[in-house]
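Enquirer: Structure, please.
(2 chains)
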Amino acid sequence: MPSKNTKKKNVAPRPKQKVTSKPARPAAVKKVVAAPKPKTEEKETQKNMPYATLRGMKDLFGREAYTFQRAYHTAENIAASYGFSYIETPIVEQASLFIRSIGKGTDVVDKEMYTFDDKDGSKVSLRPEGTASVARAYVNHGMHTIPQPVKAWYWGPMFRHDRPQAGRFRMFHQFGCETMGEHSPVIDAELISVSYNFLKDLGIDVQVRVNSIGTKEDRDNYLVELVGYLRSKRSYLSEESKKRLLKNPLRVLDSKDEHDRAVIEEAPQIVDWLSEPSKKFFMSVLEYLDEAEIPYVLTPTLVRGLDYYTDTVFEFVEEGVEESQQGALGGGGRFNGLIEYLGGPATPAAGFSIGVERVIASIKRKEDEARKEGKVLEEMKQPTVFFAQLGEQARKRSLLLIERLRRSGVQVAHNLAKSSIKAQLEIANKIGATHTLILGQKEVQDGTIITRNMESGIQEIVDQKKIEAVVRKLLST
RNA sequence: GUGGCUAUGGUGUAGUGGUAACACAGAGGUUUGUGGUACCUUUAUCACGGGUUCGAUCCCCGUUAGCCACCCCA
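Expert: This is a model prediction of the structure:
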């Protein structure tokens, strides 16, 4: 945390800086209009914080950033162990890529996309999701000529201009995997397994909901039936659902309205309208899930919001959390038509994506609960060594010693800017260091260094030459 | 995008029509080679703009942001 107080006498005075956690309002415009009353210069600068993050976007730091990175490393490990290779696609793409793949008429495209004119007048968009870009990359680089399936994982920011609320931001991150070039139910099961275990590794128990929405033809046939049914019950439906009936009838199925739900329960189910191959495929996916001992819930009303999905669809809802609290942690499905639709060869594919911010929120909730019960969080008790130095010569020497320690694989915390040993020990204490290395004038002369056990207070003098071995030993106990 | 609720220091909270209290955190210090306790100092024109009023942090309106529900979705 930055110091906001510079009262030290021998330090040149500089304007005080206030640190506020509340995002400052974009006050610049108003200030001008409102012709501020004469104030002292200092106070003006204090309040003058014209820059804040944009709505729905946030700085990531501290504990949250730590959890974010932990989630990233977990993703990296699990993706690698399942044989996925990393892909990074541009954050900005042609607007039409998303419009085509996600589909006109979906909210994501119609009202949530960040789309603007590039300098040459072409329409570009900030990506609202990852699959379209990965599919595009597959086509662009002729990935159908390399051994199939192509398994790719990604992690990065996505943008949707939605109204922010819990678990929903305008810039958020997704971790996702796509398996392209293979039409086999094992693939679907594997993807579910990867995402399920990713969440499990992070300590999150989820319910896996699965359904199949069949091929395009299956769905068209089913839609005729569904629309017919819903029309017959039209008077019982909510206003919202009446609208959806015209725009995207499938979506009526996941309405939360009580009356709608009653109607939906009686509605024809898509599973009954699947063609033989689709049905067989879906049954097989379920068998694999059984084999993998992944618990799932068949959810006939599960349809996903993006147009490109075919056959298997699934999503993850946190166990024991009201769904409405923030929706699903992630989801995915098969998208057999997408790659061909984007100009590539007919290529079956499937994938999933998980909302990182929602995962972090869930972890945080769990940690808060644990703390309430008085449990010490694991990463808090990691052994740490602090390096304290005393006197100009010691300070100079410490740079070298710290570097030697770093090269041998141990990181020591330090604050070379402090000169009093007291202040440094305070810091060591605060960060929970188990040991402190103390290097003073005398030690520099003797070529030694003191190790101090922060709990017992026992100090030992050791040879600087052996510092790496000594520190490693301290850390291992 | 629609509706509702909220807005006090870094954090969590008090409080009142007459400019703010407490806890924790931060910084500095209690005469400079030793931390965890104690003590001292210090950190807020009560989100922003306007209105009512002799006077507003407290009442009213607007803005912004956050939260909740809907929509949608990660």
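
Enquirer: Okay, helices next: where are they in the stretch 201-350 of chain A?
Expert: Counting by DSSP state H, counting those that start in this stretch, one finds helices in the stretch 201-350 of chain A at the ranges A:216-232, A:239-247, A:258-266, A:276-291, A:338-341.

Enquirer: ditto for the stretch 1-150 of chain A
Expert: Counting by DSSP H, counting those that start in this stretch, the helices of the stretch 1-150 of chain A are A:28-34, A:41-47, A:62-81, A:95-102, A:107-110, A:131-140.

Enquirer: so of those helices, which one's packed in deepest?
Expert: Ranked by mean neighbour count, the helices of the stretch 1-150 of chain A are led by helix A:131-140 with a mean of 22 (mean count of other C-beta atoms under 10 Å). C-beta here means a position set from N, CA and C on the backbone, and glycine is covered the same way.

Enquirer: right, and the helices of the stretch 201-350 of chain A - which one's nearest RNA strand B?
Expert: For those, proximity to RNA strand B was assessed by C-beta to the nearest atom of the strand; helix A:239-247 is nearest, at 4.9 Å.

Enquirer: how about the nearest residue to A:Leu453, chain neighbours excluded?
Expert: Small correction: residue A:453 is Asn, not Leu. A:His435 (5.9 Å; C-beta to C-beta, 6 or more residues apart in numbering).

Enquirer: Kindly report the same for A:Thr448.
Expert: Leaving aside its sequence neighbours, A:Thr448 sits nearest to A:Ile461 (C-beta to C-beta, 6+ apart; 5.1 Å).

Enquirer: give me phi/psi at the residue nearest to A:Asn453?
Expert: phi -140, psi 150 (degrees, to the nearest 10).

Enquirer: burial measure for whatever residue of the stretch 201-350 of chain A ends up closest to RNA strand B, as a count.
Expert: When scored by C-beta to the nearest atom of the strand, the stretch 201-350 of chain A has A:Gly305 as its residue closest to RNA strand B, at 1.5 Å. Using other C-beta atoms under 10 Å, A:Gly305 has 15 neighbouring residues.

Enquirer: quick one: A:Ile427 and A:Ala135, what's the gap?
Expert: Distance, A:Ile427 to A:Ala135, using C-beta to C-beta, to the nearest Å: 50 Å.

Enquirer: pLDDT weak spots in chain A?
Expert: Along chain A, the model assigns pLDDT under 70 to residues A:1-50, A:321-326, A:371-382, A:477.

Enquirer: Tell me which residue is most central in it.
Expert: A:Val356 (1.9 Å; C-alpha atoms, centre = their mean).

Enquirer: Contacts only, for it.
Expert: Applying C-beta atoms under 8 Å, 6 or more residues apart in numbering to A:Val356 gives the contacts A:Phe68, A:Ala71, A:Trp155, A:Phe172, A:His173, A:Gln174, A:Phe175.

Enquirer: tell me which of these is nearest to RNA strand B?
Expert: When the contacts of A:Val356 are compared against RNA strand B (criterion: C-beta to the nearest atom of the strand), the nearest one is A:Phe172, at 3.5 Å.

Enquirer: so how far is A:Lys279 from the closest one?
Expert: From A:Phe172 to A:Lys279 the distance is 35 Å (C-beta to C-beta).

Enquirer: quick one on the thing from earlier: spatially nearest residue to the residue of the stretch 201-350 of chain A closest to RNA strand B, not counting backbone neighbours?
Expert: Spatially, and ignoring its direct neighbours in sequence, A:Gly305 is nearest to A:Thr106 (5.8 Å; C-beta to C-beta, 6+ apart).

Enquirer: In terms of neighbours, single out the busier of A:Phe172 and A:Lys279.
Expert: Shown here are A:Phe172 and A:Lys279; by other C-beta under 10 Å, A:Phe172 has more neighbours (20 against 17).

Enquirer: tell me which element the more buried one falls in.
Expert: strand A:171-180 (DSSP states H and E).

Enquirer: That strand vs RNA strand B: in contact?
Expert: Yes: applying C-beta under 7 Å from any atom of the strand, one finds strand A:171-180 in contact with RNA strand B at A:Phe172, A:Gln174.

Enquirer: From the contact counts, what lies against that strand?
Expert: Secondary-structure packing of strand A:171-180 (3 or more C-beta pairs under 8 Å, 6 or more residues apart in numbering; DSSP states H and E): helix A:62-81, helix A:131-140, strand A:150-159, helix A:185-201, strand A:349-355, helix A:356-372.

Enquirer: so which of those gets nearest A:Val412?
Expert: helix A:62-81 (18.9 Å; C-beta to C-beta).

Enquirer: helices and strands around the closest one, which ones?
Expert: The contact analysis (3+ C-beta pairs under 8 Å, 6+ apart) places helix A:62-81 against strand A:150-159, strand A:171-180, helix A:185-201, helix A:356-372.

Enquirer: Distance to A:Leu226 for these - can I get that in JSON lines?
Expert: JSON lines is the format used below for these (distance: least, C-beta to C-beta, whole Å):
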{"stretch": "strand A:150-159", "distance to A:Leu226": "31"}
{"stretch": "strand A:171-180", "distance to A:Leu226": "29"}
{"stretch": "helix A:185-201", "distance to A:Leu226": "24"}
{"stretch": "helix A:356-372", "distance to A:Leu226": "30"}
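
Enquirer: Most tightly packed of those?
Expert: The highest average neighbour count among the helices and strands packed on helix A:62-81, using mean count of other C-beta under 10 Å, belongs to strand A:171-180 at a mean of 24.

Enquirer: relative to helix A:131-140, how tilted is it?
Expert: 40 degrees (axes from the mean of the first three to the mean of the last three C-alpha atoms, to 10 degrees).

Enquirer: what pairs with strand A:171-180, and is each one parallel or antiparallel?
Expert: Strand A:171-180 has its sheet partners listed here by DSSP bridges as strand A:150-159 (antiparallel), strand A:349-355 (antiparallel).

Enquirer: and RNA strand B, which of those is closest to it?
Expert: strand A:349-355 (2.8 Å).

Enquirer: got the angle between the closest one and helix A:62-81?
Expert: 160 degrees.

Enquirer: what's the angle between strand A:349-355 and helix A:356-372?
Expert: Angle of strand A:349-355 versus helix A:356-372, following the same axes, to 10 degrees, is 50 degrees.

Enquirer: returning to what we had before: separation between the residue nearest to the centre of chain A and A:Gln207?
Expert: Look at A:Val356 and A:Gln207: by C-beta to C-beta, they are 19 Å apart.

Enquirer: I figured the residue of the stretch 201-350 of chain A closest to RNA strand B hits A:Arg251, correct?
Expert: Yes: between A:Gly305 and A:Arg251 a contact is recorded at 7.5 Å, counting by C-beta atoms under 8 Å.
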